[in-house]
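S.K.: Fold the following.
(one chain, ligands or ions: 1)
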Amino acid sequence: MANPPGSAPTGPVDGLTFQGVEISLAGRRLLSLDRVVAPGETLTVMGPSGSGKSTLFAFVAGFLDPAFTARGRIALNGTDLTKLAPQRRHLGLVFQDALLFPHMSVGENLLFALPPGIRGGNARQAAAEAMLAEVGLAGLFSRDPATLSGGQAARVALARTLLAEPRALLLDEPFSRLDQALRAATRDLVFARIRERNIPAILVTHDPADAAAAGGDLVVIGEAEAGEGETVGAPTAATAP
Ligand SMILES: Nc1ncnc2c1ncn2[C@@H]1O[C@H](COP(=O)(O)OP(=O)(O)OP(=O)(O)O)[C@@H](O)[C@H]1O
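M.R.: Have a look, this model is predicted:
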């Protein structure tokens, strides 16, 4: 059963749990976080440049630079992620830059992400084409990624991440290269997927409209001048030193 969003974690719970997480750089605390992101919920993280948003993602994903020190526990559905190698965390990461494999077609990029449980060339191709259609790119299976617009490439990257059936999603400015119309449609698709699949997600964005569409709690980190982090809509939060 899921704990309510933002509640203090007391034991193994569904969702993404941050327990006493603190990340420091050169002896100075960059951020701290204590909260549960429930299945199907998207927690939005906002903060100025350099406040530690990417660093938080790096810690969750398992590739924190050794320049940082981190303590605390991150658990996904009760499993301590900090003890797992990055590839065993089953996270889906979406960045501002689509980062498609350039030597593969759009379709091959998607097939690469499909879990091995989907067997047979036809079934695999059908799953990839269905996902392409879902992100509004039906018919682009054979395209060379180099010929895509920025918005199309961003949608292929999203499709590829969703196809991999991640257990949690980390979204780092995933819509920022999309124009307004495409941005609204794409974020509706992503947040609908997150709710349908009942997976926890964290969204880093500078756009309040993204945060509103995500529909979950918002934490603001790195308000160093104010000396305090700020939380909107939740009892626990990320805080600045
Ligand atoms: N490898 C590193 N070694 C030392 N310091 C680093 C390293 N990577 C980032 N930093 C510093 O850590 C702090 C947090 O950086 P981070 O990239 O997490 O910020 P951010 O909030 O994601 O910023 P932005 O919005 O500009 O992407 C910054 O002061 C940055 O200069």
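
S.K.: Distance from the chain centre to the longest helix along the chain, please.
M.R.: Using DSSP state H to define each element, the chain has its longest helix at helix 180-197. In terms of CA atoms, centre = their mean, to the nearest Å, the centre of helix 180-197 is found 13 Å from the chain centre.

S.K.: Remind me which helix or strand Ile202 belongs to.
M.R.: strand 201-204 (DSSP states H and E).

S.K.: Enumerate every residue touching Phe53.
M.R.: Phe isn't right for residue 53; it's Lys. 45-47, 172, 204, 221 (CB atoms under 8 Å, 6 or more residues apart in numbering). (C-beta placed from N, C-alpha, C; glycine too.)

S.K.: Let me know the closest of the residues you listed to the ligand.
M.R.: Among the contacts of Lys53, Gly47 lies closest to the ligand (CB to the nearest ligand atom), at 5.5 Å.

S.K.: still on that earlier bit, max pairwise distance over the contacts of Lys53: which two?
M.R.: Spanning the widest gap among the contacts of Lys53 are Asp172 and Ile221, at 13.8 Å by CB to CB.

S.K.: The two: which has the busier surroundings?
M.R.: Counted by other CB atoms under 10 Å, Asp172 and Ile221 do not tie: Ile221 has more neighbours, with 25 against 19.

S.K.: re the thing from before, buried ones in the longest helix of the chain?
M.R.: 182-183, 186-187, 189-191, 193-194 (16 or more other CB atoms under 10 Å).

S.K.: on that earlier part again, is whatever helix or strand comes next after the strand holding Ile202 in proximity to the ligand?
M.R.: Sequence order places helix 208-214 as the next helix or strand after strand 201-204, per DSSP H and E. No - shown here: helix 208-214 not in contact with the ligand (CB under 6 Å from any ligand atom), separated by at least 14.0 Å.
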